[in-house]
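Enquirer: Here is a sequence together with a model predicted from it:
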Amino acid sequence: MDWGMKNRLSRIFKQDGRTVMLAVDHGYFLGPVSKLEDPRKTIEPLMPYTDALMLTRGVLRNCVPADSGVPVVLRVSGGNSIVGKDLSNEGLTVSMEDAVRLNVSAVALSIYVGSDHEHQTLLNLTALVDEGECLGIPVLAVTAVGKELEKRDAKYLALSCRIAAELGAHFVKTYYCDDFEKVVKSCPVPLVIAGGPKLNTEMDAINLAYKAVRSGAKGVDMGRNIWQSKNPVGMIKAIRSIVHEGATPKKAQQFLK
Ligand code: R5P
């Protein structure tokens with residue numbers, strides 16, 4: 001791996017090889033989702049506890065100070081909406097030239113394995129990897145399921161993650177599931193987990209992160225379970241303690257008090 005690529009990855013994955021990414025890219029197909037209506041307000045208090053921010057170029061340019069110092073993982077796929085016909089119908093939405101201009105540490109896109117647009121989204125990935133390899137910019141593949149949340153089992157996620165890695169993704173974001181070790185073992189690049197829709201309690205999300213890391217995930221790229229919490233700062237601190245300090249869920253819970 002070239003120096004530039006390694007350098008960018010080391011901004012996201014800290015010295016322990018793990019990361020707490022904050023996902024705030026949801027507006028690209030969900031619009032002003034609850035608690036992210038004003039991205040600047042949501043992001044600002046969480047920045048000191050964030051290893052990398054995952055977001056779109058619109059929110060980056062308008063809501064994040066350029067001198068913040070937090071590494072950026074830029075979402076570069078989209079072209080759909082929650083009220084449209086098919087969430088899997090995504091294309092690439094940002095040129096690599098603009099990603100370089102924004103000095104991003106990685107670019108991210110969704111792949112929709114098993115959907116009507118599987119082929120198109122996998123070719124989006126390969127095109128991005130070709131450009132990323134030229135420029136030293138890592139590519140994060142997100143194994144998206146759209147509205148079909150029931151797809152999130154080990155068999156499907158292992159298939160999606162492995163395909164993403166085989167096609168050149170440098171790291172993969174997926175969901176935690178039962179038998180998650182199988183997903184980790186069959187994927188030769190680092191995995192981080194999304195939180196998914198807000199769970200019933202903060203402890204549910206803390207337990208999810210704990211089980212994922214214990215099973216081999218290299219961290220989280222979490223959104224709603226942090227900023228839709230009643231205590232977003234406490235929640236991200238709790239998740240950090242799980243990811244970077246090996247805290248138990250009980251210990252992590254102390255950050256919520
Ligand atoms: C999809 O909306 C985005 O890729 C999110 O970044 C991803 O789903 C992670 O956020 P959450 O933890 O809210 O699922």
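Expert: Done, it's in.
Enquirer: Okay, helices next: where are they in this structure?
Expert: 3-12, 27-30, 39-43, 57-63, 96-101, 118-135, 154-166, 180-185, 202-214, 224-227, 232-245, 249-253 (DSSP state H).
Enquirer: and among those helices, the most buried is which?
Expert: Of all those, helix 224-227 has the most neighbours on average by mean count of other CB atoms under 10 Å, namely a mean of 26. Heads up, the C-betas are built off the backbone N, CA and C, glycines and all.
Enquirer: nearest to the ligand, of the helices of the chain?
Expert: helix 224-227 (3.6 Å; CB to the nearest ligand atom).
Enquirer: Does anything pack onto that closest one? Which helices or strands?
Expert: Counting contacts by 3 or more CB pairs under 8 Å, 6 or more residues apart in numbering; DSSP states H and E, helix 224-227 packs against helix 202-214, helix 232-245.
Enquirer: With mean pLDDT and distance to Leu30 added, can I get the ones you listed in a markdown table?
Expert: Output for the helices and strands packed on helix 224-227, formatted as a markdown table (pLDDT from 0 to 100; distance: least, CB to CB, whole Å):
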| stretch | mean pLDDT | distance to Leu30 |
| --- | --- | --- |
| helix 202-214 | 98 | 19 |
| helix 232-245 | 98 | 18 |
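Enquirer: Which one of the residues in the stretch 51-200 of the chain is closest to the ligand?
Expert: Counting by CB to the nearest ligand atom, the stretch 51-200 of the chain gets nearest to the ligand through Gly195 (3.2 Å).
Enquirer: Might you calculate how far stretch 24-34 sits from the centre of the chain?
Expert: Stretch 24-34 has its C-alpha centroid displaced from the chain centroid by 14 Å (CA atoms, centre = their mean, to the nearest Å).
Enquirer: Write out the residues of the stretch 151-257 of the chain neighbouring the ligand.
Expert: Taking CB under 6 Å from any ligand atom, the part of the stretch 151-257 of the chain that reaches the ligand is made up of 194-196, 221-225.
Enquirer: Columns pLDDT on top of those, output as JSON lines?
Expert: Shown next, in JSON lines, are these (pLDDT from 0 to 100):
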{"residue": "Ala194", "pLDDT": "96"}
{"residue": "Gly195", "pLDDT": "94"}
{"residue": "Gly196", "pLDDT": "92"}
{"residue": "Asp221", "pLDDT": "98"}
{"residue": "Met222", "pLDDT": "98"}
{"residue": "Gly223", "pLDDT": "98"}
{"residue": "Arg224", "pLDDT": "98"}
{"residue": "Asn225", "pLDDT": "98"}
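Enquirer: returning to that earlier point: okay, the residue of the stretch 51-200 of the chain closest to the ligand and Ala66: tell me how far apart.
Expert: 28 Å (CB to CB, to the nearest Å).
Enquirer: Those two - which one has more neighbours?
Expert: Gly195 (24 against 9; other CB atoms under 10 Å).
Enquirer: Can you tell me the centre-most residue of the protein?
Expert: Asp221 (3.8 Å; CA atoms, centre = their mean).
Enquirer: was I right about Thr93 contacting Val76?
Expert: Yes: Thr93 is within contact range of Val76, at 5.9 Å (criterion: CB atoms under 8 Å).
Enquirer: Of these two, which one has the most company?
Expert: Val76 (27 against 16).
Enquirer: Take the helices of the chain and write them to a markdown table, including distance to Asp51.
Expert: Converted to a markdown table, the helices of the chain look like this (distance: least, CB to CB, whole Å):
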| stretch | distance to Asp51 |
| --- | --- |
| helix 3-12 | 6 |
| helix 27-30 | 21 |
| helix 39-43 | 14 |
| helix 57-63 | 16 |
| helix 96-101 | 19 |
| helix 118-135 | 20 |
| helix 154-166 | 21 |
| helix 180-185 | 20 |
| helix 202-214 | 14 |
| helix 224-227 | 13 |
| helix 232-245 | 8 |
| helix 249-253 | 17 |
